[in-house]
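Undergrad: coordinates only, no sequence provided:
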């Protein structure tokens, strides 16, 4: 098995789904905790319309603060999500280290998410712009395994988007199961197709646990050589523009599993478990994650 | 992939963990619903000391009623769990169609569960007795993947128990992850060892979701050719004699997954989802299952 890297998306995918807006100071505390836990990549937020998503209104300021704070110390990669050209401009101005962007394989989801239908051309142009400006870029296919509105998403459609990415030398590719429809055999099949096409891709997966298969899908992705895993502390998360949204696989559950495999012991599980507990207290509810409730197995 | 059979253990493993005792009439309703859903095997209860576990006090009566009720109609296999000779006698008198019994691979768990230390010899003698009396027998290894008290359980110890079962022509073998410590690679490894030893075994798995890996373990077991899956409606369950107990994989989540694979469409998912909702209402709490909360994907 290849090495495994954790891309923590709780600050973005997690917090965007919560009604309460987390104050910037609290976000900075949580980011500090993730930094000290030594996760590989932390997604700080998205550069979206603050009217449309007030939970993410402070993303530019957060980047300003953390870029200053961590300027002279070793730290994880800080990533940010952009949906359109305006967001990209903000991300570039904010000094985001990894700019994430993507299109939905589902036309309905794409329309609701970005309000446009020429999404792929635009994203590719944006990716080139970001790369030319010296930024690392991750491109994704959302709703890659099914859509809350449309149901089945054709594999051919997903692969045609991936082919476009590859033709454009965009190799950091994420397949996101926005609605949680994926199942392990499908995960193996789809990632298998990419692996057949190229050995240059840096593959990322992103699974929601709507129907209970999130971790099984992660396991299937690991079998296919996927190296980057987007997960969220506490199992928070969900896309506000899909139909039935449900949380991501919990970072601490995934890390707990990796530790059972004797992998990534350099990422500190107790820190993330503790964060999940704090976040649970903050929102005043039990989160979907298992390990923060059961405790850590230490053998 | 081989065929897949569902052994519904919610009536036993699920209800034994709940503080409220479910009245017999309610249990009969729920069993009826499982019968009409067409699951393969329904575990009705355990033959244990009613003082020690009042939730299971009516197991003999339940068998009397359902054996009468379903005497002349096609129905699933009704199974029951026994822990000792006294329970076996009751199971035989109750006309149980599949008698389940087992030992724990963990000495501490075994002591707490059965109060004895010569468990293996006794279980093998009991299995022979039941088979001689014409009953089908499933033998299990509990805590096969780790123990809430002892932590690591040696693979050699588990395999030595399995070898004893095989030597004694006991081929219906279940590996139970009582504490939820299993992870997929371990599942593949352990079932792989059995498959290497014999092609006569009818393998069953039983996973608790304590650390979020239940469904991933099921997927791993499917890959190894395991055919029988013990799951519980709503994701109820847990062993009262282990340390941190947590629910089983939810039957409806597993079946939903099978339906995504176009398998076992003859088992009726809406019936089980409806049962999970009723059980959730009965106990007045949200259960761990995902699909009964999210609804069914119908494509």
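TA: Done, it's in. Quick caveat, the model's predicted, so the values are computed rather than measured. Residues are numbered from 1 along each chain as shown, chains lettered A, B, ... in the order given.
Undergrad: from here on, contacts and neighbour counts on C-alpha atoms
TA: Noted.
Undergrad: quick check: buried residues in stretch A:137-152?
TA: By neighbour count, and taking 16 or more other CA atoms under 10 Å in any protein chain shown as the criterion, the buried residues in stretch A:137-152 are A:137-148, A:151-152.
Undergrad: spell out whether it and chain B are in contact.
TA: Yes. With CA under 8 Å from any CA of the partner chain as the criterion, chain B is reached by stretch A:137-152 at A:151, A:152.
Undergrad: end to end, how far does that stretch reach?
TA: As for stretch A:137-152, its first-to-last residue distance stands at 28 Å under the measure CA to CA, to the nearest Å.
Undergrad: and the contacts of that stretch?
TA: Among residues not part of stretch A:137-152, those counted as contacts by CA atoms under 8 Å, 6 or more residues apart in numbering or on different chains are A:98-106, A:108-109, A:127, A:130-131, A:153, A:155, A:158, A:161-162, A:165, A:170-182, A:186-187, A:242-244, B:297, B:299.
Undergrad: quick one, which of those residues are buried?
TA: Applying a neighbour-count criterion of 16+ other CA under 10 Å, the buried members of the contacts of stretch A:137-152 are A:98-106, A:108-109, A:127, A:130, A:153, A:155, A:158, A:161-162, A:165, A:170-182, A:186-187, A:242, A:244.
Undergrad: report the rounded mean pLDDT for stretch A:27-43.
TA: Mean per-residue pLDDT for stretch A:27-43: 98.
Undergrad: what's that stretch in contact with?
TA: Residues from elsewhere that reach stretch A:27-43 (CA under 8 Å, 6+ apart): A:5-12, A:44, A:62, A:66, A:75-81, A:266-269, A:271-272, A:275.
Undergrad: in the stretch 101-250 of chain A, what residue lies closest to chain B?
TA: Scanning the stretch 101-250 of chain A for proximity to chain B using CA to the nearest CA identifies residue A:216 as nearest, at 3.7 Å.
Undergrad: what's the host helix or strand of that residue in contact with?
TA: In this assignment (DSSP states H and E), residue A:216 forms part of helix A:214-223. For helix A:214-223, the external contacting residues (CA under 8 Å, 6+ apart) are A:1, A:180, A:182-185, A:187-188, A:191, A:205, A:207-209, A:229, A:248-249, A:254, B:184, B:212-213, B:215-217, B:219.
Undergrad: hmm, try it at 6 Å
TA: When contacts are taken as CA atoms under 6 Å, 6 or more residues apart in numbering or on different chains, the neighbours of helix A:214-223 outside the stretch itself are A:183, A:184, A:188, A:207, A:208, A:249, B:215, B:216.
Undergrad: give me the pLDDT for the nearest residue to residue A:49 once chain neighbours are set aside.
TA: In space, residue A:49 comes closest to residue A:57 once its chain neighbours are excluded; the distance is 7.5 Å by CA to CA, 6 or more residues apart in numbering or on different chains. Here, the pLDDT recorded for residue A:57 equals 97.
Undergrad: from the contacts of stretch A:137-152, which ones fall inside strands?
TA: Among those, the members found in strands (DSSP state E) are A:98-104, A:172-177.
Undergrad: from these, which is closest to residue B:51?
TA: For residue B:51, the nearest member of the ones in strands among the contacts of stretch A:137-152 is residue A:177. The distance, counting by CA to CA, is 48.3 Å.
Undergrad: so what's the closest one up against?
TA: By CA under 6 Å, 6+ apart, residue A:177 lies in contact with A:143, A:144, A:145, A:206, A:207.
Undergrad: I'd assumed residue A:230 was in contact with the fourth one.
TA: By that I understand residue A:206. Yes. Using CA atoms under 6 Å, residue A:206 is in contact with residue A:230, at 4.9 Å.
Undergrad: poorly predicted segments of the stretch 1-150 of chain A, please.
TA: Scanning the stretch 1-150 of chain A with the threshold set as pLDDT under 70 gives A:1, A:109-117.
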